[in-house]
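S.K.: Kindly generate the corresponding structure for this input.
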Amino acid sequence: MARTLQVVGVQAPPLPLGTPLDVFADEVRSIADAHPHPGARLVVYPELHLFGPEHAAPADRNDLLDACAVALDSPLIAELGAIARKAGVWLVPGSVCERGPAGELFNTALVFSPSGELTASYRKIFPWRPYEPYVPGGEFVVFDIPGTGRLGLSICYDAWFPEVTRHLAWLGAEAVVNVVKTTTPDRAQEVVLAQANSIVNQTFTVSVNCAGPIGEGRSLIVDPEGAVLAAASGADAAVLVETIDLDAVTRVRESGTAGSNRMWAQFQPTDAPLELPLYSGRIDPARWAPSAAVAGDATR
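M.R.: Predicted structure coming up:
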């Protein structure tokens, strides 16, 4: 049985802080109704979709984001779970401003199951400094869609650091969901990075940016060999819909990218470990392949 997943990427402008959550619930329900699918469906919104501070003066925006942060056991999180349950979809509502247990401010991507459960949360490891006020997260996060496959989470600037996608792939992610709020001209480079991260890790990439007039758009879905399956050509609001076959990851890793390159099978058992002085660590051939990750461990 094919392991297919319908991905719906919603390129939309952020909702201003204070927007009633019913507005978002109506959006999700409308998207789900417009794109029925008999199997698993994943609906993805951009980074901080529910936390748009653009109505405030630029100097006040970081303070506003800090003031609106919520804990993961807050009513807002429960309400987002209810939205996913009513729509019957796997839902990534972008990311939220999370208040950590010691008062930290995190930029946190969330995943809700069709039953409304908060299945995974990922704190952005690489905030865009010096502009963003967030404390960096410290864990790579993957989650399982039962019967379909394993996906990883990253947020915007994380895509510029190859260590993030490499670790997600090593943890078994067959697709990486990168929620984005890029308002600057470097979105052109991020499109290249989405393809490059897919190529060098042999994973799907789902990169969903916010729309204009705030964001630069150009959302895209990329296959494990770097081919663009669906893309928004500009910054206008758009919905990308693509059914991806996660078995393609297995096929590409077995046959090689373009029938040639099998990076995850690079090492032989007799190869010596390669020291990595940048990290005070090493690549150990015995731990190189994604299968070296512990099955079912979504945060290792």
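
S.K.: most distant residue from the middle of this structure?
M.R.: Using C-alpha atoms, centre = their mean, the residue of the chain lying farthest from its centre is residue 270. It sits 36.0 Å away.

S.K.: Check which helix or strand it maps to.
M.R.: Secondary structure from DSSP states H and E places residue 270 outside every helix and strand.

S.K.: can you tell me which residues contact it?
M.R.: Residues near residue 270 by C-beta atoms under 8 Å, 6 or more residues apart in numbering: none. C-beta: built from backbone N, CA, C; applies to glycine.

S.K.: Number the residues from 848 up from this point.
M.R.: With the count now opening at 848, the last piece we talked about shows up as residue 1117.

S.K.: quick one: pLDDT of it?
M.R.: pLDDT for residue 1117: 95.

S.K.: Angles on the backbone of it, please.
M.R.: phi -90, psi 0 (degrees, to the nearest 10).

S.K.: One more: residue 1001?
M.R.: Torsion angles at residue 1001 (phi, psi; degrees, to the nearest 10) stand at phi -150, psi 160.

S.K.: can I assume it is in contact with residue 1024?
M.R.: Yes: judged on C-beta atoms under 8 Å, residue 1001 makes contact with residue 1024 at a distance of 7.3 Å.

S.K.: Could you tell me which residues touch both of these two?
M.R.: Among the neighbours of residue 1001, those also in contact with residue 1024 (C-beta under 8 Å, 6+ apart) are residue 956.

S.K.: Please verify my assumption that residue 1136 contacts residue 1109.
M.R.: No: look at residue 1136 against residue 1109 with C-beta under 8 Å: they stay out of range, at 10.5 Å.

S.K.: which stretches of the stretch 998-1147 of the chain form strands?
M.R.: Assigned by DSSP state E, counting those that start in this stretch, the strands in the stretch 998-1147 of the chain fall at 1022-1026, 1051-1055, 1067-1069, 1075-1078, 1085-1092, 1121-1123, 1128-1130.

S.K.: which stretch in those strands has the least confidence?
M.R.: What stands lowest among the strands of the stretch 998-1147 of the chain, in mean pLDDT terms, is strand 1128-1130, with a mean of 90.

S.K.: Name the strands paired with that one and say parallel or antiparallel.
M.R.: Counting by DSSP bridges, the strands paired with strand 1128-1130 are strand 1121-1123 (antiparallel).

S.K.: any residues touching the partner strand, and which ones?
M.R.: Contacts for strand 1121-1123 (C-beta under 8 Å, 6+ apart): 1128, 1129, 1130.

S.K.: any chance you could map the helices in the stretch 998-1147 of the chain?
M.R.: 1009-1017, 1034-1048, 1094-1102 (DSSP state H, counting those that start in this stretch).

S.K.: Packing partners of the longest one?
M.R.: Based on contacts counted as 3 or more C-beta pairs under 8 Å, 6 or more residues apart in numbering; DSSP states H and E, the elements that helix 1034-1048 packs against are helix 1009-1017, strand 1022-1026, strand 1051-1055, strand 1067-1069.

S.K.: ok, 6 Å please
M.R.: The helices and strands touching helix 1034-1048, judged by 3 or more C-beta pairs under 6 Å, 6 or more residues apart in numbering; DSSP states H and E, are helix 1009-1017, strand 1051-1055, strand 1067-1069.

S.K.: can you list these in a markdown table and add distance to residue 897 and mean neighbour count?
M.R.: Output for the helices and strands packed on helix 1034-1048, formatted as a markdown table (distance: least, C-beta to C-beta, whole Å; neighbours: other C-beta atoms under 10 Å):
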| stretch | distance to residue 897 | mean neighbour count |
| --- | --- | --- |
| helix 1009-1017 | 23 | 21 |
| strand 1051-1055 | 14 | 29 |
| strand 1067-1069 | 22 | 25 |
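
S.K.: quick one: which of those is nearest residue 937?
M.R.: Judged by C-beta to C-beta, the one of the helices and strands packed on helix 1034-1048 that comes nearest to residue 937 is strand 1051-1055, at 11.8 Å.

S.K.: got the angle between the closest one and helix 1034-1048?
M.R.: Orientation note: strand 1051-1055 sits at an angle of 160 degrees relative to helix 1034-1048 (axes from the mean of the first three to the mean of the last three C-alpha atoms, to 10 degrees).

S.K.: who does strand 1051-1055 pair up with?
M.R.: Strand 1051-1055 pairs in its sheet with strand 1022-1026 (parallel), strand 1067-1069 (antiparallel), by DSSP bridges.

S.K.: Please tabulate the ones you listed in JSON lines, including the columns distance to residue 887.
M.R.: Formatted as JSON lines, the strands paired with strand 1051-1055 follow (distance: least, C-beta to C-beta, whole Å):
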{"stretch": "strand 1022-1026", "distance to residue 887": "12"}
{"stretch": "strand 1067-1069", "distance to residue 887": "15"}
